[in-house]
Structures are given as structure tokens and as C-alpha cells.
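In: Provide a 3D model corresponding to the input given below.
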Amino acid sequence: MMRSRINTVLRHFYKQSTWNYRLCSTVPQTTDDRDPAPLFFDQHVQELLFTLTRINYEKIFSAHKDGKPLKNPIFKFMTDKELEEARSEIIVKAKNRIQMPPVVKMRSDKCKILSKDPALQGNETSNFIFTDISFGNNNRTRLIVVRDTNGTLRHANNNERHRMNQIYFPIEGREIHTPEMFNNPYLSDLLDRKEFEFILDRACLQFELDDPNYHRVTKEVYSYINKFKNFDALRSTRHFGPLAFYLVWNNDIHTLLMDIITSGNIEEAAALIHLYHLVYPETKSAKEPLESDIELIKTYARLDSSNRYELTCAIKEYEKLQKEKEEIDMGIKKAHGLINNENGNQKPKTNFFLTPAFLRYIHKNNAVNSRARLQQPL
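Out: Here you go, the predicted model:
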């Protein structure tokens with residue numbers, strides 16, 4: 001009898017565990033096997049990331065720590081047409097400056113073995129690297145093989161390929177060995193000094209975008225920014241789009257969404273949720289019909305938010321501030337007589353009609369004033 005009771009309890013326990021597992025499986029899970037490149041290069045995704053970047057021309061064209069001397073400003077006198085053309089050119093230059101580094105899948109470091117020759121083992125004390133330096137070959141597909149001391153002939157790994165390409169076909173600004181700034185404690189010190197843009201610019205120059213070291217460095221920078229809410233440090237730079245995409249890709253958008261809503265940029269908040277729906281189309285809020293920006297945010301907060309209470313309070317606070325601003329604007333317009341006090345409608349413009357007698361009076365006064373000015377001594 002006791003055994004039957006134990007079996008009943010165990011069956012109930014396993015049944016309950018399975019139910020919990022199925023419930024949790026509906027939450028979007030992140031894996032390293034996915035390739036973000038096809039989604040990142042989608043035109044709609046690029047437009048959403050561009051909206052989230054929030055263009056600030058003063059920050060985009062500010063001085064950067066690139067070691068180049070500053071150019072003296074040039075002042076010009078322009079016509080209205082020339083000014084419009086100059087503004088159009090500035091918009092194009094600004095978009096080029098915030099062109100985002102692509103987000104691609106990290107490449108594996110598996111080396112394909114070509115042959116094993118145990119007879120060569122022990123003949124040499126160091127490896128031999130053979131590199132095809134023919135012009136016209138791509139550095140990514142260039143044939144580079146290594147003969148190990150144990151006689152194994154294999155393709156070069158990522159580090160060996162990087163060093164050989166940099167030796168035979170050097171890229172300006174890129175070093176053969178990984179700089180110490182990308183390792184701790186130097187990287188942590190740079191993060192504490194908030195040198196985020198400098199780190200990411202240097203990483204784009206030193207590593208290929210699918211290099212494991214590049215993914216490691218960018219992950220540390222993005223995680224630090226998200227943890228301490230330093231989003232403004234990367235806004236209006238080419239790295240804010242990849243930061244937002246990284247947070248969406250890893251299902252961690254709550255902190256960024258709260259930062260956008262508290263700053264009053266509801267259009268950007270809606271763009272972030274649209275991006276989230278593109279990455280996770282199976283979520284509940286993604287299946288709801290399209291609504292206004294504020295309703296879209298409320299739907300996400302109700303169905304998919306990881307911190308529903310905090311996000312709902314932020315939305316209510318935003319709506320309260322908007323209502324107060326509208327009341328203040330209404331009061332200012334009433335004080336200036338621009339709207340009707342009873343129903344709030346705008347007052348019609350008053351038309352003044354000048355009678356012939358009033359026109360003669362104005363003409364007479366103008367003539368008297370003109371003679372008085374002529375009689376004044378020079």
C-alpha cells in the first residue's frame with residue numbers, strides 16, 4: 001500500500017514538472033547556432049535600427065580620437081539654394097558616418113586535417129606555415145596550411161591565418177598580435193572610463209567581424225552599457241544599431257526600452273518592439289493587430305514584458321506628462337487669445353477694413369513726417 005502511494009506521488013511530480021517545462025518552452029530562447037546576418041541586412045530592420053540611432057549632427061561631426069590632425073573650419077556666404085544643397089550633402093555624409101558594422105555569425109576555429117605523416121614526427125622543433133601569396137586572392141579564402149611537429153598537415157586556424165595575412169598583406173592600423181587593450185585588466189579600465197566608441201572602433205579595425213575575439217569584445221562592451229544604462233554614450237554613432245540588435249537578439253530589451261520611454265521617444269520605443277517582433281515572430285504581442293505606438297507598447301508590456309509592472313508605470317508616467325504638456329499649451333494659447341475659452345476652438349482671424357478717410361489721414365501724416373526729416377540739418 002505504501003509503495004502504491006509513493007508511485008502515485010512520483011507520477012504526479014513528474015507530470016507537474018513536464019507541464020512546467022512546456023510552459024517555459026514558449027518563451028523565446030537564444031542559441032548560438034542562429035545566423036543573425038540575413039535578418040540584420042533586411043531593409044526593414046535597417047530602417048528600424050537607423051530610427052533607434054537618433055541622428056545628432058553635432059555628435060556625428062564632433063572630433064574623434066583617431067590620431068588625425070583637426071581641420072580648420074571654413075566659413076562661406078551662401079544663397080538659399082546653395083544652403084539647401086549643403087544641407088543635403090550633410091545628411092548624406094551623416095548617414096555614411098553612422099553606417100553600422102554588420103552583425104554576422106562567429107566563425108568556428110576547427111582546422112581541417114589534410115594528412116597525417118607520423119614518419120615526420122620529431123624532425124623539427126617548430127611548425128612550418130605555407131602561405132599562398134598570389135595577388136588577387138581573398139584573405140579569407142587564401143590557402144594557408146600548417147605542418148605540425150607531429151607530422152600532421154592541416155589548414156591554419158584563425159590566429160595563424162590572421163598573422164600570415166597581416167605579414168604579407170598588412171592592413172594599416174591592424175597589428176599582428178592582439179593588443180593588450182582587448183584583454184583584462186586594460187579592457188575593464190577602458191570600460192570604467194566609458195571609452196566605448198574608442199574600443200569598438202579599434203575592434204572593427206583589429207579583427208574581422210566574424211572573429212571570436214571581436215564577438216568577445218563587443219559582447220563585453222554591450223553588456224557593460226546595458227548594465228549601467230550608458231546608452232547615450234553610443235547614440236548617434238555607428239555602433240548603436242548593433243548594440244540594439246544585440247539586445248534584441250538576446251531577448252534583453254527591457255533596460256533599453258525603459259530608457260527610451262523615460263526620454264519621451266515613443267516612436268523609437270515602438271521601433272524597438274517592431275524589431276523584437278521581427279526576431280521573435282512567435283511571441284504573443286507579435287500576433288496582435290497593428291495599433292498606434294503607445295498601444296503597441298502597452299500590448300507588449302501586457303503579454304511579453306519581463307518586467308510588466310515597471311514598464312506599465314513608465315507608460316502611465318509618459319501619458320501623464322503628455323497630458324500636462326497639452327494642458328499647459330492650451331493655457332498659453334488661451335492667455336494669448338488664440339483659442340476660444342468656451343469650447344477651445346481657435347479664434348478666426350480678424351479682418352481690418354480701411355476706410356477712405358483713414359487712408360487719407362495716413363497719407364497726410366506720412367507727408368508731414370517726410371518734410372520734417374528733410375528740414376533737419378545734415
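In: pLDDT of stretch 274-289, averaged?
Out: Averaging pLDDT along stretch 274-289 gives 94.
In: any low-confidence regions in the stretch 51-200 of the chain?
Out: 65-66 (pLDDT under 70).
In: would you double-check that Leu153 falls in a helix?
Out: No: assessed with DSSP: H, G, I helix; E, B strand; the rest coil, Leu153 is strand; it does not lie in a helix.
In: what sits opposite it in the beta ladder?
Out: Beta-bridge pairing of Leu153, defined through DSSP bridges, involves Ser115, Arg147.
In: wait, it touches Ile144, no?
Out: No: the criterion here is C-beta atoms under 8 Å, and Leu153 misses it with Ile144 at 11.9 Å. From N, CA and C alone the C-beta is placed, and that goes for glycine too.
In: which one's more surrounded, the two?
Out: Ile144 (20 against 16; other C-beta atoms under 10 Å).
In: neighbours around Asp175, how many?
Out: For the record, residue 175 is Glu, not Asp. 12.
In: pLDDT wise, what is the residue nearest to it when sequence neighbours are not counted at?
Out: Excluding its sequence neighbours, the residue lying closest to Glu175 (C-beta to C-beta, 6 or more residues apart in numbering) is Gln206, at 6.6 Å. For Gln206, the pLDDT comes out at 96.
In: show me the contacts for Gln206.
Out: Gly173, Arg174, Glu175, Thr178, Pro179, Phe182, Tyr214 (C-beta atoms under 8 Å, 6 or more residues apart in numbering).
In: got it, and Tyr214?
Out: Tyr214 neighbours (C-beta under 8 Å, 6+ apart): Ala203, Cys204, Gln206, Phe207, Glu208.
In: so the first one is in contact with Thr218, correct?
Out: To tie it back to what came earlier, the one meant is Ala203. Yes: contact criterion C-beta under 8 Å: Ala203 and Thr218 qualify, at 6.5 Å.
In: related to what we said a few turns ago, out of the contacts of Gln206, which one sits closest to Val104?
Out: For the contacts of Gln206, the residue nearest Val104 by C-beta to C-beta is Tyr214; the value is 9.6 Å.
In: for stretch 268-287, measure first residue to last.
Out: 20 Å (C-alpha to C-alpha, to the nearest Å).
In: helix, strand or coil for Pro73?
Out: coil.
In: ok, it to Phe61 distance?
Out: 11 Å (C-beta to C-beta, to the nearest Å).
In: apart from its chain neighbours, what residue comes closest to Glu208?
Out: Closest to Glu208 by C-beta to C-beta, 6+ apart is Tyr214, at 6.7 Å.
In: ok, back up a step: in strands, which of the contacts of Tyr214 appear?
Out: Among these, no member falls in strands (DSSP state E).
In: would a markdown table of those residues with distance to Thr131 be doable?
Out: Compiled in a markdown table, those are given as follows (distance: C-beta to C-beta, whole Å):
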| residue | distance to Thr131 |
| --- | --- |
| Ala203 | 25 |
| Cys204 | 25 |
| Gln206 | 20 |
| Phe207 | 20 |
| Glu208 | 17 |
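In: the stretch 251-378 of the chain: helices as residue ranges?
Out: Listed in chain order, the helices of the stretch 251-378 of the chain (DSSP state H, counting those that start in this stretch) span 254-262, 266-279, 293-303, 308-335, 356-375.
In: the longest one packs against which elements?
Out: Counting contacts by 3 or more C-beta pairs under 8 Å, 6 or more residues apart in numbering; DSSP states H and E, the secondary-structure elements packed against helix 308-335 are helix 254-262, helix 293-303.
In: identify each buried residue in the helix or strand harbouring Pro38, please.
Out: Pro38 is part of helix 37-40, with elements assigned from DSSP states H and E. Residues of helix 37-40 classed as buried: Leu39, Phe40 (neighbour count, 16 or more other C-beta atoms under 10 Å).
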